[in-house]
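> turn this into a structure:
(chains A and B)
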Protein chains: 2
Amino acid sequence: MAVVGGGVIGLSIAWRAAESGRQVTLFDPAPASGASWVAGGMLAPLSEGWPGETDVLEIGAASLARWPEFAARLAAASGSSGADVFSATGSLTVALDAADAQDLRTVAEWVGAQGYELELLDRAQVRAYEPALARSVRLGLLAPAELAVDNRILLDELRRAVAGAGVHVVEREVVDLDDLDADQIVLAAGERSARLWPGLPVRPVKGEILRLRARPGVTPAPTHVVRARVHGRPVYLVPRGDGIVLGATQYESGHDTAVTVAGVRDLLADAQELMPGIGEYELAESIAGLRPMSPDNVPLIGRVSDRVVVASGHGRNGILLTPITVDAVLGLLDGVELVEAKQADPDRFSGASR
Amino acid sequence: MAVVGGGVIGLSIAWRAAESGRQVTLFDPAPASGASWVAGGMLAPLSEGWPGETDVLEIGAASLARWPEFAARLAAASGSSGADVFSATGSLTVALDAADAQDLRTVAEWVGAQGYELELLDRAQVRAYEPALARSVRLGLLAPAELAVDNRILLDELRRAVAGAGVHVVEREVVDLDDLDADQIVLAAGERSARLWPGLPVRPVKGEILRLRARPGVTPAPTHVVRARVHGRPVYLVPRGDGIVLGATQYESGHDTAVTVAGVRDLLADAQELMPGIGEYELAESIAGLRPMSPDNVPLIGRVSDRVVVASGHGRNGILLTPITVDAVLGLLDGVELVEAKQADPDRFSGASR
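Residues are numbered from 1 along each chain as shown, chains lettered A, B, ... in the order given. Sure, this is the predicted structure:
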């Protein structure tokens, strides 16, 4: 079989398929680059829950539950580097004003009613958990299960697992699936997937993150992923071994969502309002990637022909959704449908199959 | 002979020495990375002139005069990529307040008295040359001869010239010059030079630049290098084929001059005051390098033993000083001293030779 795409999704599928006895060839002109290399790695389906968005919540929560076993299996398969792939102790969304506080209560109530654990924290509790945050924080929403993943450690482990499982990696761009002579093809080419399967409703949406490196004497980074809205703009801080990944969740769709000079200036200023000590960190890297967005923020996982299974359209949640995507695709290759991933069937959009 | 260091200085010396018939081996664990890869590439010895700093002015001006021939020779040797290595039409320093305007007059008068062409421009003239600049600009200092060099095109051409001339490139770190069996060694290892020649007064000073990429519809980049001081902080804009290199000249010495989150935020805000439309550019890259600084801002070019010639300590001006450094070193290898580079003799510092 062939896997087209060497991001977290493609690498994971190739590894696990090879481990289960298949002959696997993976194609990517530059494996482990692209959106996977840029990712913040937040696993936050609960904190991002919103009344009515049940499909997104359910598939995200199902994948989150699979992450610990996935990580343990990967550590074993990769001959673990010793570095922990998880980089946070949970997720903490904070409110700086009354409107945001009301939103947090709405999320806590609705997500709680779906059966997931979230905890509202008052001002003093937030400061006890994260003393580096600004005094203006008035309410917090704690999701202890929502870890973050260090995307670059993950990619490193996946590459070693892929090599260990005997996957044949071909560093070449596939321009037409008909050029491949594999009996089965998994299309996991991220935002490039629609070029290879016309009609697949995946579009590129640019996401940019800033990597901040701790310098001697700086305020320690939070231990939780910290998410907030400052002046109406989303900001998140994801702790890493050497500092903080700072991001601005992109809600705009369309092809040009480049983060501008003015946008970065605002992001740095907003981050300083959330965590005053962050100004002393070093700006080590500014990097952008193109995320493969689907129209409804649910990924596209399913068989689109006798020969092709799609695993794309993961949007901002590629790392979160990796475990469930792998399980669903391995099932499909064996002719079994994974019930928990049924809402991701590309058949829900017209024009997705030919 | 051996050249230790594969930045612009080492590559240039290796190329020209090989072209003149020598057998050359160049050592660098990662050629064309380091400070050369980060550089803004301004050639601005006149605009940066200041009364009394004659040595810095003279060697800089002498090297600037050699740049056109150096570039033409390199284009021929590299089988020119067709891309122009020059990326600006001159240098324009602007004043936003009365104190800066007075400084510009001081520079114009002193540098003019040394025999170099500089021109003061009034507000209307500045706007005619560079309409993208802020209306608050009150005076300008034009240096038509001061071009900028696209450092990455330069490195690309140098690597091809080096290959074409038959230089043997060894991608390995040299830890002791005694390990090399070459009869003559040129030490051009930038900020690492002092590790290989203890006592050489070269220290690393971090420099960081931001690369801004033009997006459709943005205000066109200036055609000149634009230099200014905003709120007392130096800012420069260097035009490139795809946008602008934005920098903050570092005056601090010492080992920790990391540009912080707060520093980048200020730099972006300052740049917007100088060129209001810059906010719509994309922040494409944030990158730092370690420059090899000498105590007096004049480089260290000279023979330090029967076997070793040093070419280091170029500080912020490595690209500017490449042509004269190459000519001086080739002369020294033939036993001839280049009079115009005599102020760079490392003998001026005690402890520089052993």
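
> what about the closest residue to A:A148 other than its chain neighbours, distance to chain B?
Distances taken as Cβ to Cβ, 6 or more residues apart in numbering or on different chains put A:A88 closest to A:A148, at 3.9 Å, once the chain neighbours are dropped. Where C-beta positions appear, they are placed from N, C-alpha and C, glycine not excepted. Look at A:A88 and chain B: by Cβ to the nearest Cβ, to the nearest Å, they are 20 Å apart.

> excluding sequence neighbours, find me the nearest residue to A:A95.
A:A101 (4.0 Å).

> any buried residues in the helix or strand that contains the one you found, and which?
Using DSSP states H and E, A:A101 sits within helix A:98-113. Using 16 or more other Cβ atoms under 10 Å in any protein chain shown as the test for burial, helix A:98-113 gives A:100-101, A:103-104, A:107-108, A:110-111.

> likewise for stretch A:220-228?
For stretch A:220-228, by 16+ other Cβ under 10 Å, it's A:221-222, A:224-228.

> of all the residues you listed, which comes closest to B:V304?
A:A221 (45.3 Å; Cβ to Cβ).

> what does the pLDDT read for the closest one?
Per-residue pLDDT puts A:A221 at 96.

> in this structure it contacts A:G241, no?
No. A:A221 is not in contact with A:G241 according to Cβ atoms under 8 Å; the separation is 9.6 Å.

> what segments of chain A are strands?
Per DSSP state E, chain A carries strands over the ranges A:2-4, A:25-27, A:91-95, A:119-122, A:139-143, A:168-170, A:185-187, A:203-213, A:225-230, A:233-240, A:243-247, A:282-293, A:300-303, A:308-312.

> tell me the mean pLDDT over the fourth one?
In other words, strand A:119-122. Across strand A:119-122, pLDDT averages out at 97.

> repeat for the third one
Strand A:91-95 carries an average pLDDT of 97.

> check the longest one too.
For strand A:282-293, the mean pLDDT works out to 86.

> briefly note if it comes near chain B.
Yes. Using Cβ under 8 Å from any Cβ of the partner chain, strand A:282-293 reaches chain B at A:282-286, A:288.

> about what we covered before: who touches the helix holding A:A101?
With Cβ atoms under 8 Å, 6 or more residues apart in numbering or on different chains as the test, helix A:98-113 has contacts from A:46-47, A:49-51, A:57, A:93-95, A:118-120, A:138-141, A:228-229.

> ok so, going back, which ones are touching the residue nearest to A:A148?
A:147-148, A:222-225, A:238-239.

> quick check: pLDDT value at it.
pLDDT for A:A88: 91.

> same check on A:T249?
So, for A:T249, pLDDT stands at 60.

> give me the beta-bridge partners of A:I287?
A:I209 (DSSP bridges).

> what is the burial count for it?
14 (other Cβ atoms under 10 Å in any protein chain shown).

> correct me if wrong: it contacts A:I209.
Yes. With contact defined as Cβ under 8 Å, A:I287 counts as touching A:I209 (6.4 Å).

> now do the shared contacts for the two.
Common contacts of A:I287 and A:I209 (Cβ under 8 Å, 6+ apart): A:V38.

> I'd say A:L92 and A:L139 touch.
No. A:L92 lies out of contact with A:L139 (Cβ under 8 Å); the separation is 10.7 Å.

> who's more crowded, the two?
Legend: neighbour count by other Cβ under 10 Å for A:L92 and A:L139, higher for A:L92 (29 against 23).

> any idea how far that one lies from A:L57?
For A:L92, the distance to A:L57 (Cβ to Cβ, to the nearest Å) stands at 19 Å.

> could you do A:L120 as well?
18 Å.

> quick one: mean pLDDT over the helix ranked longest in chain A.
Counting residues, the longest helix found in chain A (DSSP state H) is helix A:54-77. Helix A:54-77 shows an average pLDDT of 96 in the prediction.

> interface residues of chain A facing chain B?
Residues of chain A lying near chain B by Cβ under 8 Å from any Cβ: A:208, A:210, A:212, A:215-216, A:256, A:258-265, A:268-269, A:271-272, A:278-286, A:288.

> go again using 10 Å as the cut-off
Residues of chain A found near chain B (Cβ under 10 Å from any Cβ of the partner chain) are A:206, A:208, A:210-213, A:215-216, A:218, A:244, A:246, A:256, A:258-269, A:271-272, A:277-288.

> thinking again about what came up before, list just the nearest of the buried residues of stretch A:220-228 to A:G335.
A:V225 (38.1 Å).

> quick check: the closest one touching A:V245?
Yes. Between A:V225 and A:V245 a contact is recorded at 9.3 Å, counting by Cβ atoms under 10 Å.

> what do these two both touch?
A:40-42, A:87, A:148, A:236-239 (Cβ atoms under 10 Å, 6 or more residues apart in numbering or on different chains).

> and of the residues you listed, the nearest to B:R316?
Nearest member of those to B:R316, counting by Cβ to Cβ, is A:L237, at 33.7 Å.

> next one: the closest one from chain B, what distance?
Between A:L237 and chain B the distance is 12 Å, computed by Cβ to the nearest Cβ.

> and that residue, bridged to which residues?
In beta-bridge terms (that is, DSSP bridges), A:L237 pairs with A:V226, A:L246.

> ok, it - contacts?
Contacts of A:L237 by Cβ under 10 Å, 6+ apart are A:40, A:88, A:92, A:130, A:132-133, A:212, A:221-222, A:224-228, A:243-247, A:271, A:274-275, A:278.

> hmm, 8 Å instead?
Going by Cβ under 8 Å, 6+ apart, A:L237 touches A:221-222, A:225-227, A:244-246, A:271, A:274-275, A:278.

> one step back: from the contacts of helix A:98-113, keep the buried residues only.
For the contacts of helix A:98-113, buried by 16+ other Cβ under 10 Å: A:46-47, A:49, A:57, A:93-95, A:118, A:120, A:138-141, A:228-229.

> closest one to B:V309 out of those, please.
Nearest to B:V309 among the buried ones among the contacts of helix A:98-113, counting by Cβ to Cβ, is A:A228 at 57.2 Å.

> my guess is that closest one meets A:L92, correct?
No. Counting by Cβ under 8 Å, A:A228 does not reach A:L92; the two are 9.2 Å apart.

> tell me the two of the contacts of A:A88 that are most distant?
For those, the farthest-apart pair by Cβ to Cβ is A:L147 and A:P222; their separation is 13.2 Å.

> what's near enough to touch A:G313?
A:193, A:200-202, A:292-294, A:298-300, A:346.

> could you measure the nearest residue to A:T223 once chain neighbours are set aside against A:L154, distance?
Leaving aside its sequence neighbours, A:T223 sits nearest to A:T89 (Cβ to Cβ, 6+ apart; 4.8 Å). The gap separating A:T89 from A:L154 is 18 Å, by Cβ to Cβ.

> and A:S20, by the same measure?
For A:S20, the distance to A:L154 - Cβ to Cβ - is 20 Å.

> out of the two, which sits in the more crowded spot?
The neighbour comparison of A:S20 against A:L154 (other Cβ under 10 Å) goes to A:L154, with 26 against 12.

> test my guess that that one contacts A:D84.
No. Contact criterion Cβ under 8 Å: A:L154 and A:D84 do not qualify, at 10.8 Å.

> hang on, the earlier thing: model confidence over the helix holding A:A101, on average?
The average pLDDT within helix A:98-113 is 96.

> what's the angle from it to helix A:54-77?
70 degrees (axes from the mean of the first three to the mean of the last three Cα atoms, to 10 degrees).
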